[in-house]
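Asks: show me how the following folds:
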Amino acid sequence: MNTLKQLIQYRNLDQQEMKSFVQLMMNETEDVSLKVAHLVALSMKGETSDELSYLTENLIATTYKNRPYIEDSICVCGTGGDHSGSFNISTTASFVVAAAGLKVLKHGNKSITSKTGSIDILSALNIQTTPINEATKRVNETNLAFLSATETYPIMKTVQPVRKTITTPTTFNLIGPMIHPYKLDYQVMGVYDESKLSTIAEALYKLGRKRAIVLHGAGGMDEATLSGDNIIYEISQEEGIKNYTINAEDFGLQAASNDALKGGTAEENKHITLNILSGQDNGPKRDVVVLNAALALYIGGVVETIEEGIEKSQSIIDNKEALAILDQVGGQVYDNIG
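Replies: Numbering: from 1, shown residues only. Have a look, this model is predicted:
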């Protein structure tokens, strides 16, 4: 059966059919409108965990037959698509997580559904992304490497016209953090759509993450926030999947609205990040970075509880250890704070 017809009839795709779906999407000669129809139909049907894992595996296979691996590797990122206008929370948290000793391989992109993507702020910070063939060396030296999705998956440029045609988030928002070029041990993945949490958690489990957190932030964000209960799905290959909620106030952090986390241009977000890591900003923006970094330290086994992760993240910022990591990877630190 034609894959588009099958999707329109709300029938799920098997592994071979998903391979055909990916081949269509990556074919530069295929009509964009046909690709749009397939992607919209899949998103409207609703993806199963099998479909997400098949899609992820097939997309990875277009570029990586044998993915690189480094022990204690982690990526902290969101799907995008929440239209919150927040500053670059996960990018800022990555400096904290790297300072704690985990090997952070931050995979990001230029803005598609937000004002400033992770690659945009890195450019403002004068931090270069790391070519994939140099990433292991870089992360062993500094605990942190930033990977550009357009460099790690140049074939994905064929999907960009399709994504830009569709004004709402699609399946490609969901799988963006999942197609990491490295075989990760750990992951913290924020999701804009609460209804997708369990499906994504199951997919990450099937993809073999050692431990991971999939979360939906209070107020609809794809980061843990300070405005209420954050929904967490915790994945472990040993213990399966469990879900619960966390509230920033439970860990001694002050509640704050999501509006308090607003960012702006890449230049404005650069100053937000520098002010947090230099200790000049002790408000909600710092607290939300602390909370998200704590989740990464917990799932990565650096600490045994999220509460311990909060304390360690605060200490790392206070001692300028995260700022030192930013300095090591080549970022502008001292001349641009304020």
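
Asks: show me where the stretch 201-338 of the chain has helices.
Replies: 266-277, 284-299, 306-318, 321-328 (DSSP state H, counting those that start in this stretch).

Asks: can I get the ones you listed in a markdown table including mean neighbour count, distance to Leu184 and mean pLDDT?
Replies: No exception for glycine: its C-beta is placed from N, CA and C like everyone else's. Output for these, formatted as a markdown table (neighbours: other CB atoms under 10 Å; distance: least, CB to CB, whole Å; pLDDT from 0 to 100):
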| stretch | mean neighbour count | distance to Leu184 | mean pLDDT |
| --- | --- | --- | --- |
| helix 266-277 | 22 | 23 | 96 |
| helix 284-299 | 27 | 11 | 98 |
| helix 306-318 | 20 | 19 | 98 |
| helix 321-328 | 20 | 19 | 96 |
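
Asks: let me have those helices in JSON lines, extended by distance to Thr63.
Replies: Listed next are the helices of the stretch 201-338 of the chain as JSON lines, based on distance: least, CB to CB, whole Å:
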{"stretch": "helix 266-277", "distance to Thr63": "27"}
{"stretch": "helix 284-299", "distance to Thr63": "26"}
{"stretch": "helix 306-318", "distance to Thr63": "33"}
{"stretch": "helix 321-328", "distance to Thr63": "28"}
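
Asks: now stretch 54-64, how far from the chain's geometric center?
Replies: 18 Å (CA atoms, centre = their mean, to the nearest Å).

Asks: what residues of that stretch count as buried?
Replies: Of the residues in stretch 54-64, Tyr54, Leu55, Thr56, Glu57, Asn58, Leu59, Ile60, Thr63, Tyr64 count as buried by neighbour count, 16 or more other CB atoms under 10 Å.

Asks: verify the stated contact: the last one with Lys183.
Replies: No: using CB atoms under 8 Å, Tyr64 is not in contact with Lys183, being 9.2 Å away.

Asks: any weak-confidence spans in this protein?
Replies: The chain contains residues with pLDDT under 70 at 1, 110-117, 331-338.

Asks: now do the strands in it.
Replies: Ranges of strands in the chain, per DSSP state E, are 73-78, 103-108, 144-148, 186-190, 211-216, 229-236, 240-247.

Asks: Thr129: which of those is closest?
Replies: Distance to Thr129, taken as CB to CB, is lowest for strand 144-148 among those, at 4.1 Å.

Asks: contacts for the closest one, please.
Replies: 94-95, 98, 104-109, 118-119, 122, 127-130, 132, 134-135, 138-139, 181, 325, 328-329 (CB atoms under 8 Å, 6 or more residues apart in numbering).

Asks: so what's the residue nearest to Thr199 when sequence neighbours are not counted up against?
Replies: Counting by CB to CB, 6 or more residues apart in numbering, Ser49 is the residue found nearest to Thr199 once chain neighbours are left out, at 4.9 Å. Listed by CB under 8 Å, 6+ apart, the contact partners of Ser49 are Thr199, Ile200, Glu202, Ala203, Lys206.

Asks: re earlier: can you list the strands of the chain in CSV and add mean neighbour count?
Replies: Formatted as CSV, these follow (neighbours: other CB atoms under 10 Å):
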stretch, mean neighbour count
strand 73-78, 27
strand 103-108, 27
strand 144-148, 24
strand 186-190, 27
strand 211-216, 26
strand 229-236, 20
strand 240-247, 14
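
Asks: rebuild the ones you listed as a markdown table, extending it with distance to Asp222.
Replies: As requested, the strands of the chain are exported to a markdown table (distance: least, CB to CB, whole Å):
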| stretch | distance to Asp222 |
| --- | --- |
| strand 73-78 | 3 |
| strand 103-108 | 13 |
| strand 144-148 | 19 |
| strand 186-190 | 4 |
| strand 211-216 | 7 |
| strand 229-236 | 11 |
| strand 240-247 | 15 |
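
Asks: quick one: closest of those strands to Asn88.
Replies: Nearest to Asn88, of the strands of the chain and by CB to CB, is strand 103-108 at 8.9 Å.

Asks: how far off helix 321-328 does that closest one point, in degrees?
Replies: Counting by axes from the mean of the first three to the mean of the last three CA atoms, to 10 degrees, strand 103-108 points 70 degrees away from the direction of helix 321-328.

Asks: so what secondary structure elements neighbour strand 103-108?
Replies: If you count contacts as 3 or more CB pairs under 8 Å, 6 or more residues apart in numbering; DSSP states H and E, strand 103-108 packs onto strand 73-78, helix 89-99, helix 118-124, helix 135-142, strand 144-148, helix 149-152.

Asks: which residues does that strand contact?
Replies: Identification of contacts with strand 103-108 by CB under 8 Å, 6+ apart yields 70-77, 90-91, 94, 97-98, 117-119, 122, 135, 139-140, 143-149, 152, 177, 180-182, 184.
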